[in-house]
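> just the structure for this:
(one chain, ligands or ions: 1)
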Amino acid sequence: MGTLYVIATPIGNLEDITLRAIRVLREVNLIACEDTRVTRHLLDHYEIKTPTVSYFQHSKLSKIDYLVEQLRQGKNVALVSDAGTPGISDPGQALIGYLRQELPEVAVLPIPGPSAVAAAASVAGTIEKEFYFAGFLPKKKGRQTKFKMLSKLETPIVIYESALRLERTLSDIQSHFGDEVEIFIAREMTKMFEEYWTGRISEVIRDLSNHKLKGEVVLIVGHGGAKQAEGD
Ligand code: SAM
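Now for the predicted structure:
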């Protein structure tokens with residue numbers, strides 16, 4: 001049986017990859033990618049010649065069959081997503097879940113590295129001990145119910161979002177959490193034009209009203225987190 005290596009790749013800056021990740025990407029027989037064109041950019045940068053295959057969670061059965069067959073034949077496979085850690089709001093869990101349940105002889109090993117949730121949480125300054133990771137929120141069905149649930153939590157909440165939908169999401173946060181809630185926004189982390197905002201949501205919305213934002217963002221909706229703890 002082969003081994004499946006679940007490898008974290010950069011979320012922007014190509015230097016954010018571990019030495020082990022580069023070595024294993026070189027040594028495996030096959031790299032299963034979310035999008036082979038995106039991963040090719042990284043592989044070319046490090047002159048890695050390993051063959052790639054695309055892996056889509058939504059056409060999961062045939063791809064899983066193919067990758068499972070490779071592992072059964074003793075091939076070592078690396079699983080990567082377009083950015084960050086596979087399986088965290090990204091494809092990967094279907095294959096990994098299948099292997100854990102049906103083929104426990106295959107070792108599934110993490111090669112840890114970048115993840116947008118960890119990067120944003122590490123620089124927010126509002127997280128004292130714990131946080132809730134919400135990932136992507138529902139776009140339509142179940143969205144308001146989700147916000148109601150989130151607004152009852154007493155920990156900071158980490159949300160993944162596209163900058164294009166940021167305005168609407170900030171407005172929903174304001175409606176459910178009120179004008180005073182602290183918000184931290186990290187946009188395009190590790191890239192050339194990375195930006196960060198922090199403050200009360202009403203102020204942040206005002207500051208952002210003149211910006212046309214592009215790219216990817218992580219939001220952290222705080223309940224005062226670290227500051228609150230200081231006054232405990
Ligand atoms: N698996 C990835 C990880 O471990 O971070 C997350 C993939 S998810 C499809 C993409 C989301 O992650 C984006 O919509 C955004 O919320 C966040 N993200 C990824 N890269 C980012 C970056 N450079 N700056 C800010 N947010 C980012």
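> rest of the way, CA atoms for contacts and neighbours
OK.
> buried sites along the helix or strand where Ile173 lies?
Using DSSP states H and E, Ile173 sits within helix 166-177. Neighbour-count burial for helix 166-177, counted by 16 or more other CA atoms under 10 Å, picks out Leu166, Glu167, Thr169, Leu170, Ser171, Ile173, Gln174, His176, Phe177.
> do stretch 76-94 as well
For stretch 76-94, burial by neighbour count (16+ other CA under 10 Å) applies to 76-87, 90-92.
> which parts of the protein sit against the ligand?
Listed as neighbours of the ligand in the chain under the rule CA under 6 Å from any ligand atom: 11-12, 83-86, 88-90, 115-117, 160-162, 186-190, 216-218.
> restricted to helices, list those.
Ala116, Val117 (DSSP state H).
> inside strands: which ones of the residues of the chain next to the ligand?
Cross-referencing the residues of the chain next to the ligand against strands under DSSP state E gives Tyr160, Glu161, Ser162, Ala186, Arg187, Glu216, Val217, Val218.
> the fifth one bridge partners, please.
Spelled out, that is Arg187. Following DSSP bridges, Arg187 is listed with bridge partners Glu195, Val217.
> then the third one?
Assessed by DSSP bridges, Ser162 has beta-bridge partners Glu216.
> average the pLDDT values over stretch 41-58 and round to the nearest integer.
For stretch 41-58, the mean per-residue pLDDT is 89.
> ok, stretch 111-128 next?
Mean predicted confidence for stretch 111-128 is 96.
> kindly report the same for stretch 163-178.
Stretch 163-178 carries an average pLDDT of 95.
> who touches that stretch?
Applying CA atoms under 8 Å, 6 or more residues apart in numbering, the contact partners of stretch 163-178 are 147-148, 151, 181, 187, 201-202, 205, 213-217.
> which parts of the protein are strands?
With DSSP E applied, the chain shows strands at 3-7, 30-33, 52-54, 77-80, 107-111, 132-136, 157-162, 182-187, 195-200, 216-222, listed in chain order.
> would you turn these into TSV with distance to Tyr98?
Shown next, in TSV, are these (distance: least, CA to CA, whole Å):
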stretch	distance to Tyr98
strand 3-7	12
strand 30-33	16
strand 52-54	18
strand 77-80	14
strand 107-111	11
strand 132-136	22
strand 157-162	26
strand 182-187	34
strand 195-200	39
strand 216-222	30
